[in-house]
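A.B. asks: Structure for the following, please:
(4 chains)
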2 protein chains.
Amino acid sequence: MLIGEIADAVGLPTRTVRYYERRGLLAQPRRAPNGYRVYGEAALNRLRFIRTAQAAGLTLAEVHSVVELRDSGTTPCAHVDALLAAKLESVRSRRRQLAVLEKELRQMMERSSGLDPAECTESEICQILQKRPD
Amino acid sequence: MLIGEIADAVGLPTRTVRYYERRGLLAQPRRAPNGYRVYGEAALNRLRFIRTAQAAGLTLAEVHSVVELRDSGTTPCAHVDALLAAKLESVRSRRRQLAVLEKELRQMMERSSGLDPAECTESEICQILQKRPD
DNA sequence: GTAAACCTTCTCCTATAGGAGAAGGTCAAG
DNA sequence: CTTGACCTTCTCCTATAGGAGAAGGTTTAC
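C.D. replies: Okay, here's the model as predicted:
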């Protein structure tokens, strides 16, 4: 398989496949006599894994830490559990932040409907944003 | 007020104040004979406004669009309303995405507790991530 | 008079996940 | 034999909001 074929197989641009190689996520493939990258099944699995892991919210750096363990012969299960737990906590935390922000935005917009643009002075720049709810 | 003083007054590093000036968020201040930036009340209000707007989730580019209107003599209320509405929608959308992700993470972790690391094969790299719920 | 604490501009760097284009080699088909 | 579609490496660029350091001038305090 050449890079264009494997890229099509997983739905990535060839640039991205080379990028993963540079990042150390994908082993350097063997080369054809003309210098072209030649991939096998393992690379296909690896790319699919990367997509799955990204879908689970892992960063490429985190994916890297997982494949590094795998490549070193260790079963990465425990490490993945820890990553997922940390990810879950950060997602929860982010959700809480966004809930607060959404509430504030709604309050600002509600207040805004009762404000007169003519009363918006130059020094406060924008009364909708500046006038915090009492 | 020199840059260090105004920076302390709003709790920003002096670097950031210069950065806002470069970004066009803050007017170029007058200079003392020695070349030092000298600020007045207006700059203080502007910096406070930027912080408030950022807290509302606006990007610096969006803040820029607001102060640009203000500086051009237009009351930016309508524009701010539109920005807030768009921001609200994107926050809602993001929250929905995170809710789905949180659920998936929880499912993965639950499944993980019933999996045997010994069964994790090299080709799938990690069964926790790879085995999607049936 | 000198050391500390300011200030100035300049340029490059961070994280994240790639995207864009240049300049060139290679391969299959008409 | 040339055109188009591949492939190669190289470097720089994107968005976001600054951070870091260099090299130098100024002001304040002792």
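
A.B. asks: mind checking the longest helix of chain A?
C.D. replies: Secondary structure of chain A per DSSP state H: the longest helix is helix A:77-112.

A.B. asks: ok now it, how far from the chain's centre?
C.D. replies: Centroid separation for helix A:77-112 versus its chain: 15 Å, with CA atoms, centre = their mean, to the nearest Å.

A.B. asks: Can you name the next helix or strand after it?
C.D. replies: Remark: after helix A:77-112, the chain's next helix or strand is helix A:127-130, criterion DSSP states H and E.

A.B. asks: Work out the gap between that following helix and the centre of the chain.
C.D. replies: Offset of helix A:127-130 from its chain centre (CA atoms, centre = their mean): 33 Å.

A.B. asks: related to what we said a few turns ago, check whether the longest helix of chain A comes near chain B.
C.D. replies: Yes. Using CB under 8 Å from any CB of the partner chain, helix A:77-112 reaches chain B at A:77-78, A:80-81, A:84-85, A:87-88, A:91-92, A:94-95, A:98-99, A:101-102, A:104-106, A:108-109, A:112. Yep, even glycine has a C-beta here, placed from its N, CA and C like the rest.

A.B. asks: Name the residues of that helix that are buried.
C.D. replies: A:77, A:79-81, A:83-84, A:87-88, A:91, A:95, A:98, A:101-102, A:104-105, A:108-109, A:112 (16 or more other CB atoms under 10 Å in any protein chain shown).

A.B. asks: pLDDT averaged over it - what is it?
C.D. replies: Mean per-residue pLDDT for helix A:77-112: 94.

A.B. asks: Ok, stretch A:25-43 next?
C.D. replies: 96.

A.B. asks: how about the CA coordinates for that stretch, as PDB?
C.D. replies: What follows is stretch A:25-43, C-alpha atoms only, in PDB (Å, rounded to 0.1, in the frame of the first residue of the first chain):
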ATOM      1  CA  LEU A  25       2.600   7.800  16.200                       C
ATOM      2  CA  LEU A  26       3.300   5.700  13.200                       C
ATOM      3  CA  ALA A  27       6.400   3.600  12.600                       C
ATOM      4  CA  GLN A  28       8.600   4.600   9.700                       C
ATOM      5  CA  PRO A  29       7.400   2.300   6.900                       C
ATOM      6  CA  ARG A  30       9.700   0.400   4.600                       C
ATOM      7  CA  ARG A  31      10.400   2.100   1.300                       C
ATOM      8  CA  ALA A  32      10.000   0.900  -2.200                       C
ATOM      9  CA  PRO A  33      13.200   1.200  -4.400                       C
ATOM     10  CA  ASN A  34      11.900   4.500  -5.700                       C
ATOM     11  CA  GLY A  35      11.700   5.900  -2.100                       C
ATOM     12  CA  TYR A  36       7.900   5.700  -1.800                       C
ATOM     13  CA  ARG A  37       6.500   4.700   1.600                       C
ATOM     14  CA  VAL A  38       5.000   1.200   1.600                       C
ATOM     15  CA  TYR A  39       2.500   0.200   4.300                       C
ATOM     16  CA  GLY A  40       1.100  -3.100   5.500                       C
ATOM     17  CA  GLU A  41      -1.900  -4.100   7.700                       C
ATOM     18  CA  ALA A  42      -0.200  -3.000  10.900                       C
ATOM     19  CA  ALA A  43      -0.100   0.600   9.800                       C
END
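
A.B. asks: is that stretch anywhere near chain B?
C.D. replies: Yes. With CB under 8 Å from any CB as the criterion, chain B is reached by stretch A:25-43 at A:Glu41, A:Ala42.
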